[in-house]
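**Student:** Take a look and give me a structure for this.
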Amino acid sequence: MSWPRQDPSMIVSVTSRCGEYILLARSKRHPPKVHTVLAGFVEAGEKFEAAVSREVWEETGIRVDEESVTYIGSQSWPFPQSCMIAFSATADDQQELDIDEDEIVEARWFHRDEVLKATAFEGEKVMDHEVAKTIIEADPSLPLLVPPKKVIARTLIDTW
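**Tutor:** Sure thing, here's the model as predicted:
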């Protein structure tokens, strides 16, 4: 008897303690200005909550408030054969960022108003480089773009 392999991963929205800022990052594979919440694989034997703290620390140098890590939901994720487990957490937004440039290109704390403006753009194609470029050219004042609706990253952003 054998069981199908599972490679669980976690995804987290990290917000400031005051609730006005969210930590978002851009990976190399995303178009310019497309920022999303942080994610990573859970190590064998690791608790999901511990993976949240570890991944945020490794990718951004930010220490989350461990008692704030809260389960939100899940989404199947076929890369490679996984389930994405979603969490929210808080952190002190005055900590200095220390970006893991092998993982992400950029990360920063975005104010609620900046993110709200970015959510005005609908459609699943925002992750396409040409579509993102067209949106930014139409409104260069946009500080960021966010993932499309129907993915758990966007759900975390929208419910913040």
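
**Student:** Please identify the buried residues of the longest strand along the chain?
**Tutor:** Longest strand of the chain, by residue count under DSSP state E: strand 82-91. The neighbour-count check on strand 82-91 (16 or more other Cβ atoms under 10 Å) flags 82, 84-91 as buried. C-beta here means a position set from N, CA and C on the backbone, and glycine is covered the same way.

**Student:** which other helices and strands contact it?
**Tutor:** Strand 82-91 is packed against strand 9-16, helix 48-60, strand 70-77, helix 152-158, with contacts defined by 3 or more Cβ pairs under 8 Å, 6 or more residues apart in numbering; DSSP states H and E.

**Student:** what element comes up after that strand heading to the C-terminus?
**Tutor:** Downstream of strand 82-91, the next assigned helix or strand under DSSP states H and E is strand 106-111.

**Student:** Just the residues contacting the following helix or strand past that next one, thanks.
**Tutor:** Downstream of strand 106-111, the first helix or strand assigned by DSSP H and E is helix 112-118. Contact with helix 112-118 is made by 19-22, 24, 142-146, 157, 160, as judged by Cβ atoms under 8 Å, 6 or more residues apart in numbering.
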